[in-house]
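1. Sharing a model prediction with you, sequence too.
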Amino acid sequence: MSELPPDLTRLRTLETWLRLQLANVRARIQHLEQLERDRPAPVRPPRPDWLLETERLGGRDGRAVRVHAGGCGQVARGRAISREQAVDALGQGVEACYGCRPDTELGILG
């Protein structure tokens, strides 16, 4: 048994209503797509020049483990540091990352 009306008049009325609903849905889609296009792209913070990797201790940062150049993809957990802090950390025996070699970039022979 069909859920559609049996007569042509009511079918035409239903067709008109469905067209109006479809037009409303399409207008809403268009509006939301325009909002997405107008939304500014998220701004990422600038990449730090140097990173100090620390070990994790109970949810807190622990001792310094490695110094990394800012673009290194091998740093697991770290914080941004200045050039001077990177030089100091390397001078105090903190290991330099073997991948990005911050010691070479800083002019320190490791």
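-> Looks like it came in fine. Numbering: from 1, shown residues only.
2. doesn't V87 make contact with W50?
-> No - if you go by CB atoms under 8 Å, W50 and V87 don't touch, sitting 9.1 Å apart. (Glycine included, C-beta is placed from N, CA and C.)
3. Show me which of these two is the more surrounded one.
-> Legend: neighbour count by other CB atoms under 10 Å for W50 and V87, higher for W50 (25 against 18).
4. Quick check: beta-bridge partners of the more buried one?
-> For W50, the beta-bridge partners under DSSP bridges are A69, I81.
5. Identify the residues contacting it.
-> By CB atoms under 8 Å, 6 or more residues apart in numbering, W50 lies in contact with V67, H68, A69, G70, A80, I81, S82, R83, Q85, A86, P102.
6. H68 too?
-> So H68 contacts W50, L51, L52, E53, Q74, V75, G78, C97, G99, C100, P102 (CB under 8 Å, 6+ apart).
7. Does the residue sitting nearest the centre point of the chain belong to a helix, a strand or coil?
-> The structure's the chain has its C-alpha centroid closest to R44; by CA atoms, centre = their mean the separation is 8.2 Å. The local conformation at R44, judged by DSSP: H, G, I helix; E, B strand; the rest coil, is coil.
8. Could I get the full set of helices for this protein?
-> Here the chain has its helices, by DSSP state H, at 8-38, 83-91, 102-106.
9. out of those, which comes closest to R63?
-> helix 83-91 (10.9 Å; CB to CB).
10. ok so, going back, most surrounded residue in the contacts of W50?
-> V67 (29 neighbours).
11. Let me know whether that one touches D88 as I believe.
-> No - with contact defined as CB under 8 Å, V67 does not reach D88; the gap is 9.7 Å.
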